[in-house]
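Undergrad: Here is my input, please return the structure:
(chains A and B)
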2 protein chains.
Amino acid sequence: MNRQILLASRPNGVPKETDFQISETQIPQPSDGQCLIRSLYMSVDPYMRGRIRDRKSYAPPVGLGEVMVGGAVGKVLESRGTPFSVGDIVVGGLGWQEYAVADGKELRKVDPEAGPISTSLGVLGMPGITAYFGLLDICDPQPNETVVVSAAAGAVGSAVGQIAKIKGCRAVGIAGSDEKVRHLIEDLGFDAAFNYKTSETGGKLREYCPDGVDVYFDNVGGAITDAVFPLLNTKSRVAVCGQISQYNLEEPELGPRLLWHLIVKRAKVQGFLVFDYQNRYDVALAELSEWVRGERLKYRERIAEGIENAPRAFIEMLSGKNTGKQLVKLVSH
Amino acid sequence: MNRQILLASRPNGVPKETDFQISETQIPQPSDGQCLIRSLYMSVDPYMRGRIRDRKSYAPPVGLGEVMVGGAVGKVLESRGTPFSVGDIVVGGLGWQEYAVADGKELRKVDPEAGPISTSLGVLGMPGITAYFGLLDICDPQPNETVVVSAAAGAVGSAVGQIAKIKGCRAVGIAGSDEKVRHLIEDLGFDAAFNYKTSETGGKLREYCPDGVDVYFDNVGGAITDAVFPLLNTKSRVAVCGQISQYNLEEPELGPRLLWHLIVKRAKVQGFLVFDYQNRYDVALAELSEWVRGERLKYRERIAEGIENAPRAFIEMLSGKNTGKQLVKLVSH
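TA: Numbering: from 1, shown residues only, chains lettered A, B, ... in the order given. Coordinates of the predicted model:
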């Protein structure tokens, strides 16, 4: 049987485990051009909070009673006229389920010799590619520039700061615990980092960015972003990747108006979705892989076990319990 | 004698005429490399509200008791080792005064045969160049795209909408009176326009932008900009030129958070100052002049007479009394 996690109710505010339900169904059969895949790891990511909101967005929301969307990596059990062979490891948008059928053209082959296959959902997957293009393509960081990243200990943020270091920038991370801050500085080589929950963000930013902020990679929005904008330098660049501080609000919150900063600073703020770079994923993955092999780009994973624990892993990730990439490992039953 | 307008007190909120004072002083003497100029027209512009605020910006604020900053066009009375001759018409940052001394390298020669010299402060001056680069360089409008401009009947906005039309776009203007709306549509060829004071901005925008907004040229900020953001299309571009709705507030106001729109829409918001394009002014002026000569780019002026009326003209411009470019004509005394 195929166990799946369905969206049971549309959360208002912080999602609860009861907003999801586990269900069993027959293992599906692939049609021509499709594979049947047994998932091994599933991803839970901040963007999923947007996908279960009943609001027009870049994709229609997950319907009530439907399988939750999400990336997963698994083994091909059956291939009908696809480039993949039985036993291949592939990654794609397989949803929160143990077995999935997917079109061959929506899958990407993963080389299990290149590293743990779980990294295809993290540093060598969507979050790593997001960091790569968001930082390099939108922000074009130059040596000695100051790069600030929020949610710096998350899957995307931790890659952003390390790529900034590889490019010769100063990397300053904002994170939500002292342990994350220690990790960013001691393990990942950030020049500075601080815990926004126990310090005054504006003051810490002024302390750690004495020459202002040239690049801001924004994963969180809200009060943290409000504190960064006044420090933006002339011709600075802001990549808007996520606004996780806002996702669980029951009512949209008001904030200070930020646009006037952009005039005086001639600054650019640009939002992006990683999917827009699909035809350049290979370029990003080649370079990210090289950095990972050379230990210039490190990663951490937090792994929940069993599909039944995916909702909890998702909720914990939204509240920042993870350092690095939050995954769900699927176990045989 | 040289009559000047000095900043007498730093306005909090809406500037009052008593925040300025008129003063008489000796006509200054040019040093080597300088000209003495008799100003004929002075400009009053929204950016000046920022220059009299006591806040760090791209330039230090005007000090109390100092001559107000501003552009003016006038006649060279004396030239000491500059490329200009006596009788030449020149434009530059001469301040609110009847006579000014300025470095030759800060002046630009105006051809009085090419059109009224007052246009060197408007459609063929800073506002026209601002419209040109803000629209073309930052927003790169494409044929059939929808371009929305706020403060559309002002000196910058009226040029933006017409340049958008020249580039084959649909131009939609937001303005503050029925007379301005009529002017935009009937005289300047905007496809649509509406009076934000007597209509619901969001509803009108949805009506006049059925295919969404590809380009937004923002002169005003505040509630009007809040209403535009939800209509931004995928890969849309926003040029932030001014935020006039905010300049006279005694306390900064809060507003809805706008950055999340940018993610979903992969939109870009960029602030700019026209000075950053100084080395390309000649390109802009050549093309703007051609459009003016061909009557593809029309302009209107509102002219106050006498330097003593500059503060009132400035205050009226801030409240939107002008259609087109607000000027002050200096009269002999």
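Undergrad: so A:Gly176 makes contact with A:Ala193?
TA: No: assessed by Cβ atoms under 8 Å, A:Gly176 is found out of contact with A:Ala193, at 10.9 Å. Bear in mind the C-beta positions are built from the backbone N, C-alpha and C, glycine included.
Undergrad: who's more crowded, these two?
TA: Neighbour totals were compared for A:Gly176 and A:Ala193, and A:Ala193 leads with 25 against 22 (other Cβ atoms under 10 Å in any protein chain shown).
Undergrad: quick check: domain ranges of chain A?
TA: What automatic domain parsing lists as the domains of chain A is A:2-118+A:300-329, A:126-275.
Undergrad: For the first one, measure first residue to last.
TA: Start and end residues of domain A:2-118+A:300-329 are separated by 15 Å (Cα to Cα, to the nearest Å).
Undergrad: these two touch, right, A:Ala100 and A:Ile27?
TA: No: in this structure A:Ala100 lies outside contact range of A:Ile27 using Cβ under 8 Å: 9.5 Å.
Undergrad: near chain B, which residues of the stretch 101-250 of chain A show up?
TA: Residues of the stretch 101-250 of chain A that fall close to chain B, judged by Cβ under 8 Å from any Cβ of the partner chain: A:218, A:221-222, A:225, A:234, A:240-243, A:246.
Undergrad: so where's the stretch 1-150 of chain A uncertain?
TA: Along the stretch 1-150 of chain A, no part satisfies pLDDT under 70.
Undergrad: Strands along that one, start to end?
TA: Using DSSP state E, counting those that start in this stretch, the strands of the stretch 1-150 of chain A run over residues A:2-7, A:20-25, A:34-43, A:72-80, A:89-92, A:99-103, A:108-110, A:146-150.
Undergrad: Single out the most deeply packed of the domains of chain A.
TA: Mean neighbour count (mean count of other Cβ atoms under 10 Å in any protein chain shown) peaks for domain A:126-275 among these, with a mean of 21.
Undergrad: now what about the host helix or strand of A:Arg182, what contacts it?
TA: Using DSSP states H and E, A:Arg182 sits within helix A:178-182. Under the criterion Cβ atoms under 8 Å, 6 or more residues apart in numbering or on different chains, residues A:152-153, A:173, A:175, A:193-195, A:198, A:323 lie in contact with helix A:178-182.
Undergrad: Adding distance to A:Met317, write the strands of the stretch 1-150 of chain A out as JSON lines.
TA: Converted to JSON lines, those look like this (distance: least, Cβ to Cβ, whole Å):
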{"stretch": "strand A:2-7", "distance to A:Met317": "14"}
{"stretch": "strand A:20-25", "distance to A:Met317": "14"}
{"stretch": "strand A:34-43", "distance to A:Met317": "10"}
{"stretch": "strand A:72-80", "distance to A:Met317": "15"}
{"stretch": "strand A:89-92", "distance to A:Met317": "19"}
{"stretch": "strand A:99-103", "distance to A:Met317": "21"}
{"stretch": "strand A:108-110", "distance to A:Met317": "22"}
{"stretch": "strand A:146-150", "distance to A:Met317": "15"}
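Undergrad: Name all residues that make contact with the residue sitting nearest the centre point of chain A.
TA: Centroid check for chain A by Cα atoms, centre = their mean gives A:Pro127 as the closest residue, at 4.1 Å. For A:Pro127, the contacting residues are A:45, A:121, A:154-156, A:159, A:325, by Cβ under 8 Å, 6+ apart.
Undergrad: Can you list which of the residues you listed are found in strands?
TA: Using DSSP state E, A:Lys325 are the members of these that sit in strands.
Undergrad: Can you list which of the contacts of A:Pro127 are found in helices?
TA: The helices, defined by DSSP state H, take in A:155-156, A:159 from these.
Undergrad: B:Val67: which of these is nearest?
TA: Of all the ones in helices among the contacts of A:Pro127, B:Val67 sits closest to A:Val156, with 51.4 Å by Cβ to Cβ.
Undergrad: right, and that closest one touches A:Cys241 too?
TA: Yes: using Cβ under 8 Å, A:Val156 is in contact with A:Cys241, at 6.2 Å.
Undergrad: Out of the contacts of helix A:178-182, which sit inside strands?
TA: Among those, DSSP E puts A:173, A:175, A:193-195 in strands.
Undergrad: will you turn those into a markdown table that also has distance to B:Leu288 and pLDDT?
TA: Shown next, in a markdown table, are the ones in strands among the contacts of helix A:178-182 (distance: Cβ to Cβ, whole Å; pLDDT from 0 to 100):
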| residue | distance to B:Leu288 | pLDDT |
| --- | --- | --- |
| A:Gly173 | 47 | 98 |
| A:Ala175 | 50 | 98 |
| A:Ala193 | 49 | 98 |
| A:Phe194 | 49 | 98 |
| A:Asn195 | 53 | 98 |
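Undergrad: Same list (those) but as JSON lines, adding distance to B:Lys329.
TA: Shown next, in JSON lines, are the ones in strands among the contacts of helix A:178-182 (distance: Cβ to Cβ, whole Å):
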{"residue": "A:Gly173", "distance to B:Lys329": "57"}
{"residue": "A:Ala175", "distance to B:Lys329": "60"}
{"residue": "A:Ala193", "distance to B:Lys329": "59"}
{"residue": "A:Phe194", "distance to B:Lys329": "57"}
{"residue": "A:Asn195", "distance to B:Lys329": "60"}
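Undergrad: out of those, which one sits closest to B:His183?
TA: Of the ones in strands among the contacts of helix A:178-182, the one sitting nearest to B:His183 (Cβ to Cβ) turns out to be A:Gly173, at 52.4 Å.
Undergrad: That closest one against A:Ala192, yeah?
TA: Yes: with contact defined as Cβ under 8 Å, A:Gly173 counts as touching A:Ala192 (7.4 Å).
Undergrad: what about the helices in chain A?
TA: Taking DSSP H, the helices of chain A run over residues A:47-51, A:126-133, A:155-166, A:178-182, A:201-208, A:222-228, A:244-247, A:259-265, A:281-293, A:310-318.
Undergrad: which secondary structure elements does the first one contact?
TA: Helix A:47-51 is packed against helix A:244-247, with contacts defined by 3 or more Cβ pairs under 8 Å, 6 or more residues apart in numbering or on different chains; DSSP states H and E.
Undergrad: Contacts for the helix it packs on, please.
TA: Contacts of helix A:244-247 (Cβ under 8 Å, 6+ apart): A:46, A:49-50, A:151, A:219-224, A:252-253, A:318, B:257, B:260.
Undergrad: any common contacting residues for A:Val156 and A:Cys241?
TA: With Cβ under 8 Å, 6+ apart as the test, A:Val156 and A:Cys241 both reach A:130, A:134, A:219.
Undergrad: how close does the first one sit to chain B?
TA: Spelled out, that is A:Thr130. From A:Thr130 across to chain B, the span is 11 Å (Cβ to the nearest Cβ, to the nearest Å).
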